[in-house]
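Undergrad: the following block contains a protein sequence and its predicted model.
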Amino acid sequence: MAEGKSRKDSKKKPPSALHVVQGVEGGHDGMPGSESKAFRPARRNNNHLTTNEYVDGILAGDRTIIGRAITLIESNARQHQEQAQELLKEILPHSGNSIRVGITGVPGAGKSTFIEALGCQLTDAGNKVAVMAVDPSSSLTKGSILGDKTRMEQLSRDPNAFIRPSPSGGTLGGVARKTRETIIVFEAAGFNVVLVETIGVGQNEITVRSMVDFFLLILIAGAGDELQGIKRGVMEIADAIIINKADGDNIKAAKLARAEYERAIHYLQPATKGWNTGVHTASAIHGDGIKEIWDIITEYRAATKASGVFDERRREQSRLWLHSMLEERIKEMFYSQPDVVSALPKIERAVMDGSLPAAQAAWEILNLLDKS
């Protein structure tokens, strides 16, 4: 009887973070019954949605449509990209009302545990939290782990949270190519806190700094300099540093590490004008210090709003977004030129064989554009 009861009870448990809803395209948040009752778009045989249906679904907070919209944005297909840009234009006026927090750290620092602890506290307080968990993509297979939903099991089941695992696609800076656009979708859907977890690849974290309002660096005590090499380049762009895992026998070491980093940042320029970067301790697994970290982020937002730095940074980020899109589009157009497609394999072989210097090869390819 006990075994039968256990099986019966197990059926009543919430679905795991890996649950798949049949008939829904990739990018869905994995939670059944997630469509809002206020909005149910017509389903066609080809499962295609119009731009207006995407817009209405996002503004209504329909989780399935949100997931599908992000998948549309991440697609490299030309027709998808065109519709994605139409969609972004329509929802852009409804965005911008969140606090965007970038979170990075050394491997094993407990970033996912910290994000789940912070996210659960925020949703308990009535916030809507979106998490962008960017996983590293293999340079060989282009595949990625996408395991953050399994590591944030409690938060992934929270109806006021949305976790979007997304492959980096090899993008420098540890962020997915469409991270900026995905943030716009989340904000238009009513999420007032957006957390962006990055891979933690060192100085290229400057990329995520250009997308968020507040940048948080998570470290641990006693990891050794070879593991914490990331800190040298990232400390300069951090608005706060957290020494995580400050619990049990590690409390003393965490306090010593905090003092060490406080001395180090004393010689660095502040990452944000008018704000002094502080070093704090926390235990994500026990929830200690999490509320204090959010209080710091709230204080930061109020201070930078009052000084104008917050809005100035947002405007600068929009300018950088423009140039990022220009670079991406120019690269795409260049490699799709018929003359380049035709000549590139032969020139590549010459460079690989050592018969043609790379710089000269580059100029030869660029000269093809002048002739076309």
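TA: That came in fine, so what should we check first?

Undergrad: what about the stretch 101-250 of the chain, any weak spots by pLDDT?
TA: Within the stretch 101-250 of the chain, the segments meeting pLDDT under 70 span 134-150, 166-177, 199-204, 223-232.

Undergrad: which residue ranges of it form strands?
TA: 129-135, 161-167, 193-197, 214-220, 240-244 (DSSP state E, counting those that start in this stretch).

Undergrad: could you dump the first one to CSV, C-alpha only?
TA: The C-alpha coordinates for strand 129-135 follow below in CSV (Å, rounded to 0.1, in the frame of the first residue of the first chain):
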residue,chain,number,x,y,z
VAL,A,129,11.5,37.9,-12.4
ALA,A,130,13.0,36.9,-15.8
VAL,A,131,16.3,35.0,-15.8
MET,A,132,18.4,34.7,-18.9
ALA,A,133,20.8,31.8,-18.3
VAL,A,134,23.4,31.9,-21.0
ASP,A,135,25.2,28.6,-21.5
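
Undergrad: show me what it pairs with in its sheet, parallel or antiparallel.
TA: strand 161-167 (parallel), strand 193-197 (parallel) (DSSP bridges).

Undergrad: residues in contact with K371?
TA: By CB atoms under 8 Å, 6 or more residues apart in numbering, K371 lies in contact with D339. (C-beta placed from N, C-alpha, C; glycine too.)

Undergrad: can you give me the pLDDT of it?
TA: pLDDT, K371: 72.

Undergrad: again, but for V24
TA: 37.

Undergrad: if we can go back for a sec, switch the strands of the stretch 101-250 of the chain over to CSV; also include distance to K255 and mean neighbour count.
TA: Formatted as CSV, these follow (distance: least, CB to CB, whole Å; neighbours: other CB atoms under 10 Å):
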stretch, distance to K255, mean neighbour count
strand 129-135, 29, 25
strand 161-167, 32, 24
strand 193-197, 26, 25
strand 214-220, 13, 25
strand 240-244, 8, 26
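
Undergrad: L49 is nearest to which of those strands?
TA: With CB to CB as the measure, strand 161-167 is the member of the strands of the stretch 101-250 of the chain nearest L49 (18.2 Å).

Undergrad: kindly export that closest one (C-alpha atoms) in PDB.
TA: Extracted C-alpha coordinates of strand 161-167, given in PDB (Å, rounded to 0.1, in the frame of the first residue of the first chain):
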ATOM      1  CA  ALA A 161       9.400  33.700 -12.800                       C
ATOM      2  CA  PHE A 162      10.500  32.800 -16.300                       C
ATOM      3  CA  ILE A 163      13.900  31.100 -16.900                       C
ATOM      4  CA  ARG A 164      15.200  31.100 -20.400                       C
ATOM      5  CA  PRO A 165      18.300  29.000 -21.000                       C
ATOM      6  CA  SER A 166      19.900  30.200 -24.200                       C
ATOM      7  CA  PRO A 167      23.100  29.100 -25.900                       C
END
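
Undergrad: mind checking the longest helix of the chain?
TA: helix 309-335 (DSSP state H).

Undergrad: that one to strand 214-220, inter-axis angle?
TA: Relative orientation of helix 309-335 versus strand 214-220 (axes from the mean of the first three to the mean of the last three CA atoms, to 10 degrees): 90 degrees.

Undergrad: show me what the next helix-or-strand element following helix 309-335 is packed against.
TA: As assigned by DSSP states H and E, the chain's next helix or strand after helix 309-335 is helix 338-353. When contacts are defined as 3 or more CB pairs under 8 Å, 6 or more residues apart in numbering; DSSP states H and E, helix 338-353 sits against helix 309-335, helix 358-371.

Undergrad: could I get the buried residue list for helix 338-353?
TA: Neighbour counts over helix 338-353 (16 or more other CB atoms under 10 Å) mark 340, 347, 350 as buried.

Undergrad: from the chain's centroid, how far away is the longest helix of the chain?
TA: Centre-to-centre, helix 309-335 and its host chain are 17 Å apart (CA atoms, centre = their mean, to the nearest Å).

Undergrad: let me know the average pLDDT across that helix.
TA: Mean predicted lDDT for helix 309-335 stands at 91.

Undergrad: what angle do that helix and helix 338-353 make?
TA: 90 degrees.

Undergrad: so which elements touch helix 309-335?
TA: Checked by 3+ CB pairs under 8 Å, 6+ apart, helix 309-335 has helix 290-307, helix 338-353 packed alongside it.

Undergrad: measure how far the shortest one is from the centre of its chain, please.
TA: Which is helix 338-353. On CA atoms, centre = their mean, the centre of helix 338-353 falls 36 Å from that of its chain.

Undergrad: now the longest one
TA: When distances are taken as CA atoms, centre = their mean, helix 290-307 is centred 20 Å away from the chain's centroid.

Undergrad: which among the helices and strands packed on helix 338-353 is found nearest to S156?
TA: Here helix 309-335 is closest among the helices and strands packed on helix 338-353 (CB to CB), at 28.1 Å.

Undergrad: which parts of that closest one are buried?
TA: In helix 309-335, counting by 16+ other CB under 10 Å, buried: 309-310, 313, 317.

Undergrad: ok, now which ones touch L92?
TA: 184, 188.

Undergrad: look up how far E205 lies from it.
TA: Going from L92 to E205 by CB to CB, to the nearest Å gives 26 Å.

Undergrad: closest to G126 out of the strands paired with strand 129-135?
TA: strand 193-197 (10.9 Å).

Undergrad: now the angle between helix 290-307 and that closest one, please.
TA: 110 degrees.

Undergrad: pull the distance from strand 193-197 to the chain's centre.
TA: Using CA atoms, centre = their mean, the offset of strand 193-197 from its chain centre is 6 Å.

Undergrad: identify the residues contacting that strand?
TA: Contacts of strand 193-197 (CB under 8 Å, 6+ apart): 98-104, 111-112, 115, 118-119, 122, 127-134, 148, 175, 179, 183, 186-187, 208, 211-212.

Undergrad: cutoff 6 Å now
TA: Contacts to strand 193-197, defined as CB atoms under 6 Å, 6 or more residues apart in numbering, come from residues 98-103, 111, 115, 122, 127, 129-133, 183, 186, 208, 212.
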